[in-house]
Structures are given as structure tokens and as C-alpha cells.
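In: here is my input; please provide its structure:
(2 chains)
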Amino acid sequence: MIFADFLRNRRREQLSDQDLAALEASVSQVRKTHARQIIAQAGEPISCSTYLMDGFICRYMDDRNGLRQLVAVHVPGDFVDLHGYPLRRLDHDVATLGACRIALVPHATLDRLLPERPNLTKLLWFSTLLDAAMHREWIFRLGRLDAVARIGHFFCEMEAKLRAVGLSDGSRFTLPLTQADLGEACGMTSVHINRMLRELRERKLLQMQRGKVTIFDLAALRRLCDYDPSYLFIGG
Amino acid sequence: MPRDGVFDESGKAYAEEGQVMLDGPDGVAISMTPDAADETGHELIRAASEAREQIGEMKSGTPGG
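Out: So this is what the prediction gives:
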């Protein structure tokens, strides 16, 4: 099943068997991608949306000097650029972080499918609204949190999202991001990230080694980062 | 704690691998070269002195420049 993780532990129970079957049938292509592969570029017309089956994908914007700001990191089960369906073009780039498996859903198929399936339409809308909620949380993170809390907050979000799709046990998960990637997500240099990771390790809160993250005390980490996962709508 | 968004706590500065990092208050988290950090430090001291003068003028009712 392609959409096995779609809205898992969110509103999956509201997805009827018929809606799910229609969604599965809407996929035109499933393909594997390399790490660091561009999926979509800002400004270009897009005619299909990308569902992430395995791996990690980021959305990002580069400034005039080529310095990058990640604006989202997607995990399996995410519809990465469903907002591109009504928008018809993206205002940011999309690229894989590690190797991925993706499913492509043509917008022309959605045009035919959605008028017949109001419940599926509502759930797809819900999915894009989750993205909007995450963007609000990222604004909060970058605007209100200091360095150590920023990076801790990012790890808290990744842990919560990965746990919802069965890829975190609450303390350990895989995250194939470099310190440069973390810097681009948190608006800090990789040297700064390195120091903050050391601080988190010394506080016995979190450790990251070769893409493997271990959170030693999730409750304490969430307190440090002012993290409340309710914006992810997991479990309801 | 901030009053009207103005902080009365200082940020903390560190040096690491030839970079100066300024953390806090609140959402401040930046890295600078040592030269940029020097210049920023001078600018902060100058602006702090100017702000104290403004506070003195406000207390005495003297119009500021």
C-alpha cells in the first residue's frame, strides 16, 4: 500500500476504504530518488504532487548569496507539495535529504477525483493545513527561541512526527541530516549547531551521532524548548 | 523577562572554532567573525550610552536630540 502512513495516528480513521482506494489509484508513478535530488523548483509550473513514502524531504529557500533556509522537513506519510495543486507553482524548492521513495499524484487526476469525494477532499485539505501549522511553529522557533532551544525544538518536532508514523520509539530515531542541514533549519552556522549539540549532550537531554538521534529525557527537552506538539494534531 | 518586548537580560557570547556566537536574549542566535563581533560590541556600548542619556532626558523632561 502506497498511502500506508498517510494521516496515520491523526485522522486516518476518517479515510474510508473507498477514499483510500481512490487515492491509491490516483498515483501515476512510484519511484526511488537519490539523496540531495531536487524534486521541484520555485516558479516552475507543476502538474503533480509528491507523496513521501520513505525517507526525508526538505523545502527550502535560498537568499541572494545562496545561503539556504529550510522551511520544512518532511517525513514518511507527508504529502510534500499538495499545496502545489491549487497553487500550480511553488514559491520554494523541494529536495530529498537522503534516498527516498516517492509517489506522484497528477493534478489532472485530482481534478477528476475530488469533486466526487468530499471527505477525501477535506482530509487532503487537513493535510495541507498541518503544513501551515508547522510553518507557524517554525516562525515561533526562529523568532522566540535561543540557540539551544531552537535546535531542541526542531528535534522535538521530528520525534513527534516520526513517532506518529512508527519511526520513533519516543527516544531513538534516524535523521539523515548533517550539522549544516540543522543549521539551515535553525538559522545558525554549523559551528553554532555543533556547540549547541554538545550542550544538549552535556545536559543529558539529547545525542546525535551519524544520523542516529537519542533523546534521553523527552519531557525535560520539551520544557527547555517550550515545545507543545498539539499543533501536529496527532491523536485527534 | 521582557517588558514590552525590551529585554533586561543580556545575551551570552561564546567563541568556537574562530567564530563568535551570541545567544539570546530570546530569539537571538547569531555567529560573527571576531572583527564583526568587536565592531558590534563597540556599537552596543555606544548605543547603550546614548539610551541612558535619553532616559535621563525623559526623567528630567528635557527634550532629546
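
In: does A:Leu177 count as helix, strand or coil?
Out: The three-state label given to A:Leu177 by DSSP: H, G, I helix; E, B strand; the rest coil is coil.

In: any idea how far A:Leu15 is from the closest residue to A:Arg144 other than its chain neighbours?
Out: Distances taken as CB to CB, 6 or more residues apart in numbering or on different chains put B:Gly27 closest to A:Arg144, at 5.0 Å, once the chain neighbours are dropped. In this view, the C-beta of every residue, glycine as well, is placed from N, C-alpha and C. The gap separating B:Gly27 from A:Leu15 is 38 Å, by CB to CB, to the nearest Å.

In: residues near the residue nearest to A:Arg144, how many?
Out: Counted by other CB atoms under 10 Å in any protein chain shown, the residues lying close to B:Gly27 total 16.

In: give the helix, strand or coil label for it.
Out: Assignment for B:Gly27 (three-state DSSP): coil.

In: who's in contact with it?
Out: A:Leu142, A:Gly143, A:Arg144, A:Leu145, A:Asp146 (CB atoms under 8 Å, 6 or more residues apart in numbering or on different chains).

In: one more time with 7 Å, if that's ok
Out: A:Leu142, A:Gly143, A:Arg144, A:Leu145 (CB atoms under 7 Å, 6 or more residues apart in numbering or on different chains).

In: show me those residues that map onto helices.
Out: A:Leu142, A:Gly143, A:Arg144 (DSSP state H).

In: looking at it, the last one is touching B:Pro25, isn't it?
Out: No. Taking CB atoms under 7 Å as the contact criterion, A:Arg144 and B:Pro25 are not neighbours in contact, 10.4 Å apart.

In: who's more crowded, those two?
Out: B:Pro25 (16 against 13).

In: wait, what's in contact with the more buried one?
Out: Shown in contact with B:Pro25 (CB under 7 Å, 6+ apart): B:Phe7, B:Glu9, B:Gly11.
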